[in-house]
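> Could you work out the structure for the sequence below:
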Amino acid sequence: MGKKSVSKGVIKDIVIVAVGVLVIWIGLQIAFGTQNPFYVVASGSMIPALEVYDVLIVSGHEPFDELIVGDIIVFDRPSDHNRVIVHRVASILDEDPRTIRTKGDANPSSIPGTDFPITDEEYIGKVAYTLPQVGYITQLLKPPINYVIIAVVIGIMIFKQFAKRKKEKELSFTDPMDSENPDTIEELSGIEKIEGDAEYSESTELENIEKDVESSEAKIDAAKDTSEEPKKERKE
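Below is the predicted model:
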């Protein structure tokens, strides 16, 4: 029964974390208007503007038609769409349909099939913010490190559930006479005191009654003696 409760608790924690991450991720997608708002710079083609392992926050709300020369954008490589590129807009090649050419700041020239032709189909978004060197964390989270972290998190959840169950058992089996419950002991002591006071009161009342009886008998005897003395004197 205990194992089932622990398992349910762990599953509940995992579901809460998963739902929380999902909600945050969906919120970021809506806020930045792109399926993936975060990208890590993997090459030095944009040095010194962007360094390797910089994290880019990309906004998809910037319309492709409003891009100008000098904007840094993220797009799929036009030749095969199998790689994401981040380069700077170098020129506008055509307006109908709009086509642009890009170039890496560290590259001597634009590369055909990589830097152009870029259309709205390849465009992902414009770089809105840069987080310098944060991308090192992604290197640390590569296998097997990420699996170790996941295992540690799950282990903490399981330990928390066991500790919670143990605490509940200790609370349910607490001895009412235990020193950790001073209120209970004080109550019991009070009861004993009351009982003792009651016994003392009863014994005192009995003693007083006995004394009253003895006193009454003594008065009666004294009254008899005084009533007999005048009779004796008359006879004489």
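> any idea how the protein splits into domains?
If you go by automatic domain parsing, the domain ranges for the chain are 33-140, 176-228.
> Endpoints of the longest one, how far apart?
In other words, domain 33-140. One end of domain 33-140 sits 28 Å from the other (CA to CA, to the nearest Å).
> Repeat that for stretch 56-70.
16 Å.
> repeat for stretch 129-149
28 Å.
> Name the residues of that stretch that are buried.
Gly135 (16 or more other CB atoms under 10 Å). In short, each C-beta sits where N, CA and C put it, glycine included.
> Show me what that stretch is in contact with.
The list of residues contacting stretch 129-149 from outside it, by CB atoms under 8 Å, 6 or more residues apart in numbering, reads 40-41, 50-57.
> Kindly report the same for stretch 18-36.
With CB under 8 Å, 6+ apart, stretch 18-36 has contacts from 37, 57-61, 124-125, 128.
> Mind putting those into JSON lines with neighbour count?
Shown next, in JSON lines, are the contacts of stretch 18-36 (neighbours: other CB atoms under 10 Å):
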{"residue": "Pro37", "neighbour count": "21"}
{"residue": "Ile57", "neighbour count": "17"}
{"residue": "Val58", "neighbour count": "23"}
{"residue": "Ser59", "neighbour count": "17"}
{"residue": "Gly60", "neighbour count": "19"}
{"residue": "His61", "neighbour count": "11"}
{"residue": "Ile124", "neighbour count": "20"}
{"residue": "Gly125", "neighbour count": "23"}
{"residue": "Ala128", "neighbour count": "15"}
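> quick one: which of the residues you listed is nearest Ile156?
Of all those, Pro37 has the smallest distance to Ile156: 28.9 Å, by CB to CB.
> Give me the buried subset of the contacts of stretch 129-149.
Buried among the contacts of stretch 129-149 (16+ other CB under 10 Å): 40-41, 50, 53-57.
> Can you read off the pLDDT for Asp175?
Model confidence at Asp175, given as pLDDT, is 54.
> What's the first helix or strand after the lengthiest strand in the chain?
Ranked by residue count and defined by DSSP state E, the top strand of the chain is strand 84-95. Downstream of strand 84-95, the next assigned helix or strand under DSSP states H and E is strand 98-103.
> And the pLDDT at the spatially closest residue to Asp115 that is not a sequence neighbour?
Of all residues not flanking Asp115 in the chain, Thr102 sits nearest, at 4.5 Å (CB to CB, 6 or more residues apart in numbering). Looking at Thr102, its pLDDT reads 97.
> contacting residues for Thr102?
By CB under 8 Å, 6+ apart, the neighbours of Thr102 are 73, 75, 85, 87-90, 110, 115-116, 118.
> one more time with 6 Å
By CB atoms under 6 Å, 6 or more residues apart in numbering, the contact list for Thr102 reads 87, 89-90, 115.
> out of these, what pair is the most spread apart?
Val89 and Asp115 (9.9 Å).
> Looking only at neighbour counts, state which of those two leads.
Taking other CB atoms under 10 Å, Val89 and Asp115 do not tie; Asp115 has more neighbours (24 against 19).
> Neighbours of the residue nearest to Asp120 when sequence neighbours are not counted, how many?
Distances taken as CB to CB, 6+ apart put Phe64 closest to Asp120, at 4.4 Å, once the chain neighbours are dropped. By other CB under 10 Å, 20 other residues sit near Phe64.
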